[in-house]
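what's the 3D shape of this:
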Amino acid sequence: MTDPIVLAEGLNKSFGDTRALRGLDLGVPEGTICGVLGPNGAGKTTAVRILATLSAPDAGHARVAGYDVVRQAGRVRERIGLAGQFAAVDEKLTGRANLRMFGRLCHLPRREAHRRADDLLERFGLADAADRRVAGYSGGMRRRLDLITCLIQRPDVLFLDEPTTGLDPRSRTEIWDAVRALVADGTTVLLTTQYLDEADRLADDIAVVDHGRVIATGAPDELKAAIGDSLDVVLEDPGALRPAASVLHGLAGTDPTMTGADRLSVPLPGGAFRLADVVRELDRAGVVAADVRLRRPTLDEVFLRLTDSLAAPFADSEESVR
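Numbers count the residues shown, from 1 in each chain. Below you'll find the model as predicted:
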């Protein structure tokens, strides 16, 4: 196996009395999308800033594209692109002029900067708007333009820090398509996001960060499987909630939660469950189920479970009923 193209080992970073990173470890294989998830203040942006050479760690080390981010920062910068949370383009210029300017700032010859700008505008669906001032672009168009400015020098690694924040669903989908196209061409992407559906759809691997450490890694399906399935039951009679909850507790060994006036859900321990056995046990207790099904957890549930916050978003709508 080849070494990860992005490698962080034992990164520590403090700002005064605040410890942003506490021994963060991360490895990203070449040609993949790694989604970095975590609550606000978990250390995601601090980690990206260190990997992009914008900040130095207090301890630990990191390498990007084979170069040390502190001792060989110049070499790292030649091989990366970075798009922050807000578009960093000049609204007074046209889209084409923005890209040509970035090409010159990257020391491309004038002719190459112009050719590269034209190619990127065509490829990412902005050719028709290339000669309009960016001030008239939609939010999604601005983010796409900001994204492709990072591609002028063909980076090996692209860091995207919450690239779709504030965008409407259509614009988010456009950014997702653009990111997939980059990876198809061989660019490695490290993506921080608070949209878990974004990570679920885009990422080959996910790293969950909390309190300055990576607390879990794996493909989205692997993380979901590690949490385990849930058993969801819809009752014919809402008055049967308590006897139904008792049955589910006996099967799973865990108190179920009430997810609606006539609905219960309980996480299942490892091992297979036959739905017929569940229905039979409910029937013995005199409980009629309108629906019984196994459900793979969403990435939202995985994230909340891993960061010890599972109950918070459901506090107003779910309760233990045993």
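
give the contact list for residue 225.
By C-beta atoms under 8 Å, 6 or more residues apart in numbering, residue 225 lies in contact with residue 296. Where you see a C-beta, it was placed from the backbone N, CA and C, and this is true even at glycine.

for the protein, what spans make up the helices?
44-51, 73-77, 95-105, 110-123, 139-149, 169-184, 196-202, 220-227, 241-252, 275-284, 299-306 (DSSP state H).

counting contacts, what elements does the first one pack onto?
Helices and strands touching helix 44-51, by 3 or more C-beta pairs under 8 Å, 6 or more residues apart in numbering; DSSP states H and E, are strand 6-15, strand 18-28, strand 33-37, strand 59-64, strand 157-161, strand 188-192.

buried ones in the lowest-mean-pLDDT helix or strand in the chain, by neighbour count?
Counting by mean pLDDT, DSSP states H and E, the chain has its least confident helix or strand at helix 299-306, which shows a mean of 81. When neighbours are counted by 16 or more other C-beta atoms under 10 Å, the buried residues of helix 299-306 are found to be 299, 301-306.

contact partners of stretch 64-75?
3, 5-7, 50-53, 56-57, 61-63, 76, 79-80, 156-157.

against residue 258, how distant is residue 267?
14 Å (C-beta to C-beta, to the nearest Å).

who does the least confident helix or strand of the chain touch, helix- and strand-wise?
So helix 299-306, by 3+ C-beta pairs under 8 Å, 6+ apart, packs with helix 196-202, strand 205-210, helix 220-227.

for the longest one, the distance to its chain's centre please.
Here the centre of mass of C-alpha atoms in helix 220-227, compared against the chain's by C-alpha atoms, centre = their mean, to the nearest Å, lies 14 Å away.

compute the inter-axis angle for that helix and strand 205-210.
50 degrees (axes from the mean of the first three to the mean of the last three C-alpha atoms, to 10 degrees).

domain ranges for this structure?
6-224, 229-295 (automatic domain parsing).

state the mean pLDDT of the first one.
For domain 6-224, mean pLDDT rounds to 91.

start the count at 33 instead of 1 going forward.
OK, 33 is where the count begins now, so the last one is domain 38-256.
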